[in-house]
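**Student:** Here is a sequence together with a model predicted from it:
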Amino acid sequence: GQNIDQPTEMTATEGAIVQINCTYQTSGFNGLFWYQQHAGEAPTFLSYNVLDGLEEKGRFSSFLSRSKGYSYLLLKELQMKDSASYLCAPPKLIFGAGTRLAVHP
Amino acid sequence: ETGVTQSPTHLIKTRGQQVTLRCSSQSGHNTVSWYQQALGQGPQFIFQYYREEENGRGNFPPRFSGLQFPNYSSELNVNALELDDSALYLCASSTGGPLHFGNGTRLTVT
């Protein structure tokens, strides 16, 4: 199966750092994608981890441990515009329910 | 480079009717995937088309069907609409890497 678990909601303060975790039970796939989806808009690609370890892209970083079935998305220097849902997804096209992040002043 | 475009943007149908949603993939992308997204939920995979052939299907009944054309554009057809089919329908194209989504079609079934 490909069960994907993420926290439903998170809140954070502008300027802070937040980590969104994703755990999964799957077989036969390599790597994991993260997408951002603002309310009323389509998801947009954020990052892709094909190997274990940390991938850094500006304020956003993503980590993957395939042996543990675990990934996280790290957002630094939070801005109000980062308020959105964050979706983790393996390349098998299955998405988790997403984590709704609310950034407050 | 033209992105993924979907039409129509909004649609209202009556229970029992049929609907066709359309998607033009991003230039150079030969794979199209369709998703259903209910409010507050993640996108649910319906099916994927690769070079005009269905290449994977999620847990949706046969009344959800699709087509991909030689230019890689695609259609999603839903027969015998039910109230629970009300959702945002997303199309995404790719070449095997990240998915590039269209803005979706908001379908309301009354």
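**Tutor:** On my side now, so go ahead. Numbers count the residues shown, from 1 in each chain, chains lettered A, B, ... in the order given.
**Student:** So which bits of the helix or strand where B:L11 lies are buried?
**Tutor:** Under the criterion of DSSP states H and E, B:L11 resides in strand B:10-13. Within strand B:10-13, the residues that count as buried by 16 or more other CB atoms under 10 Å in any protein chain shown are B:K13. (Glycine included, C-beta is placed from N, CA and C.)
**Student:** just stretch B:49-59 next, same as before
**Tutor:** Buried-residue list, stretch B:49-59, by 16+ other CB under 10 Å: B:49-50, B:58.
**Student:** can you pull the contacts of residue 66?
**Tutor:** By default, I'm working from chain A. A:30, A:52 (CB atoms under 8 Å, 6 or more residues apart in numbering or on different chains).
**Student:** not quite, I wanted chain B
**Tutor:** B:34, B:46-47, B:49, B:54, B:74-77.
**Student:** just checking: which of those also lie near chain A?
**Tutor:** Among the contacts of B:G66, not one lies near chain A by CB under 8 Å from any CB of the partner chain.
**Student:** Quick one: buried ones out of these?
**Tutor:** B:34, B:46-47, B:49, B:74-76.
**Student:** Please settle this for me: is A:K81 part of a strand?
**Tutor:** No: A:K81 is assigned helix when assessed by DSSP: H, G, I helix; E, B strand; the rest coil, not a strand.
**Student:** ok so, going back, now, which of the buried ones among the contacts of B:G66 sits nearest A:N21?
**Tutor:** B:I46 (27.3 Å; CB to CB).
**Student:** got a markdown table for the contacts of B:G66, with pLDDT, secondary structure and distance to A:Y72 too?
**Tutor:** Below are the contacts of B:G66 laid out as a markdown table (pLDDT from 0 to 100; DSSP: H, G, I helix; E, B strand; the rest coil; distance: CB to CB, whole Å):
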| residue | pLDDT | secondary structure | distance to A:Y72 |
| --- | --- | --- | --- |
| B:W34 | 97 | strand | 29 |
| B:I46 | 96 | strand | 28 |
| B:F47 | 95 | strand | 30 |
| B:Y49 | 95 | strand | 32 |
| B:E54 | 94 | strand | 34 |
| B:S74 | 96 | strand | 34 |
| B:E75 | 98 | strand | 38 |
| B:L76 | 98 | strand | 33 |
| B:N77 | 98 | strand | 39 |
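**Student:** May I see these arranged in a markdown table, with distance to B:S65 as well?
**Tutor:** Formatted as a markdown table, the contacts of B:G66 follow (distance: CB to CB, whole Å):
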| residue | distance to B:S65 |
| --- | --- |
| B:W34 | 10 |
| B:I46 | 10 |
| B:F47 | 8 |
| B:Y49 | 11 |
| B:E54 | 9 |
| B:S74 | 11 |
| B:E75 | 9 |
| B:L76 | 8 |
| B:N77 | 5 |
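**Student:** Next to chain A in this structure, residues from chain B, please.
**Tutor:** B:33, B:35, B:41-45, B:48, B:56, B:58, B:90, B:97-104.
**Student:** hang on, A:Q25 packs against A:P90?
**Tutor:** No: taking contacts as CB atoms under 8 Å, A:Q25 lies outside contact range of A:P90: 10.6 Å.
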